[in-house]
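S.K.: What would the 3D arrangement of this be:
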Amino acid sequence: MQAHQVAKSAFSMPLSSPAYPRGPYRFINREFLIITYRTDPALLRELVPEPLQPAGDTAKFEFIRMPDSTGFGDYTESGQVVPVTYKGKPGTYQVAMFLDDEAPLAGGREIWGFPKKLAKPRLIVESDTLLGTLDYGSVRVATGTMGYKHQALDSEQVRKSLLAANYLLKIIPDVDCTPRICELVTYNLEDVVVKGAWSGPAALELHAHALAPVARLPVLEVLSSVHLVSDLTLGLGKVVHDYLK
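M.R.: Residues are numbered from 1 along each chain as shown. Here you go, the predicted model:
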């Protein structure tokens, strides 16, 4: 392969067998359990990188089932999200994400900078309860529960909430382990269709783990929960701040 062919064909590692196909990526029947809770605002300020600012004292913990996603297949994900502002405009910042599939793990980190690690999240219906769990190895680090479809929500209002800007800290090291890329990236969800949305009583437990430290944002009070099913496209990102310049 000639040098100009390498540059033309390269978009993912390894060159001879990319870990994922080119986007865009469409998700069908993507199911969320999102639990919003109050936490320690001082700890939020320590985790959220400038120029982002925490938008209060709340965090969100998500469990997401993705049974049909273009290029990525069938997988489950879990993550911790902080409501923030950027130049006065509301958005969310992804603190940590955990999933069980190689292709979206590699693609999420390489393309956008999603903070993804390999783990074992799960989202199921257990009798009258929607149950989300996250295991890192054999250790349970998060458990979320919600009463199943207790109250229907306005699907259009929920759809609008999914259109807010999302922010990521993309870090790619150079060969000497210094940062070659260190950027604040933003992206949006596109072509969002909410097929149903519900609320109900909810509870959330987070447990300490050295390599999955979700409990560093402790649960002081559960404020709300949302269960929703949607179709959506994961939009590509753009850089809004370069920490190396």
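S.K.: Got the confidence number for residue 3?
M.R.: We have a pLDDT of 86 for residue 3.
S.K.: and it, what are its phi and psi?
M.R.: phi -60, psi -40 (degrees, to the nearest 10).
S.K.: Likewise for residue 161?
M.R.: phi -70, psi -30.
S.K.: Number of residues surrounding it?
M.R.: If you count neighbours by other Cβ atoms under 10 Å, residue 161 ends up with 15. To be clear about C-beta, it is placed using only N, CA and C from the backbone, and glycine gets the same treatment.
S.K.: Show me what secondary structure element comes after the lowest-mean-pLDDT helix or strand in the chain.
M.R.: The weakest-scoring helix or strand in the chain, judged by mean pLDDT, DSSP states H and E, is helix 3-9 (a mean of 86). Next along the chain after helix 3-9, taking DSSP states H and E as the criterion, comes strand 25-38.
S.K.: What mean pLDDT does that next one get?
M.R.: Here strand 25-38 scores 98 as its mean pLDDT.
S.K.: so what does it touch, helix or strand wise?
M.R.: strand 58-69, strand 139-147, strand 202-206, strand 221-234 (3 or more Cβ pairs under 8 Å, 6 or more residues apart in numbering; DSSP states H and E).
S.K.: so can I have JSON lines of those strands showing distance to residue 213, mean neighbour count and mean pLDDT?
M.R.: Putting these into JSON lines (distance: least, Cβ to Cβ, whole Å; neighbours: other Cβ atoms under 10 Å; pLDDT from 0 to 100) gives the following:
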{"stretch": "strand 58-69", "distance to residue 213": "13", "mean neighbour count": "21", "mean pLDDT": "98"}
{"stretch": "strand 139-147", "distance to residue 213": "9", "mean neighbour count": "20", "mean pLDDT": "98"}
{"stretch": "strand 202-206", "distance to residue 213": "9", "mean neighbour count": "19", "mean pLDDT": "98"}
{"stretch": "strand 221-234", "distance to residue 213": "20", "mean neighbour count": "18", "mean pLDDT": "98"}
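S.K.: Any chance of those in CSV with distance to residue 15 as columns?
M.R.: Formatted as CSV, the helices and strands packed on strand 25-38 follow (distance: least, Cβ to Cβ, whole Å):
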stretch, distance to residue 15
strand 58-69, 24
strand 139-147, 35
strand 202-206, 40
strand 221-234, 24
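S.K.: Quick check: which of those strands is nearest to residue 157?
M.R.: With Cβ to Cβ as the criterion, residue 157 lies closest to strand 221-234 of the helices and strands packed on strand 25-38, at 10.4 Å.
S.K.: quick one, which of the helices and strands packed on strand 25-38 is nearest to residue 185?
M.R.: strand 221-234 (12.8 Å).
S.K.: in its sheet, what does the helix or strand following the closest one sit against?
M.R.: Counting by DSSP H and E, the next helix or strand C-terminal to strand 221-234 is strand 238-242. Here strand 238-242 is paired, per DSSP bridges, with strand 179-187 (antiparallel).
S.K.: Contacts made by whichever helix or strand comes after the strand it pairs with with the rest, please.
M.R.: Counting by DSSP H and E, the element after strand 179-187 in chain order, helix or strand, is strand 189-199. Residues outside strand 189-199 that contact it (Cβ atoms under 8 Å, 6 or more residues apart in numbering): 26, 29, 148-156, 158-159, 162-163, 166, 224-235.
S.K.: so how far is strand 189-199 from its chain's centroid?
M.R.: Counting by Cα atoms, centre = their mean, to the nearest Å, strand 189-199 is centred 16 Å from the centre of its parent chain.
S.K.: In it, which residues are buried?
M.R.: 189, 192, 194, 197, 198, 199 (16 or more other Cβ atoms under 10 Å).
S.K.: which one among these gets closest to residue 218?
M.R.: residue 199 (23.1 Å).
S.K.: State the distance from the closest one to residue 192.
M.R.: Plainly put, residue 199 is 19 Å away from residue 192 if you go by Cβ to Cβ, to the nearest Å.
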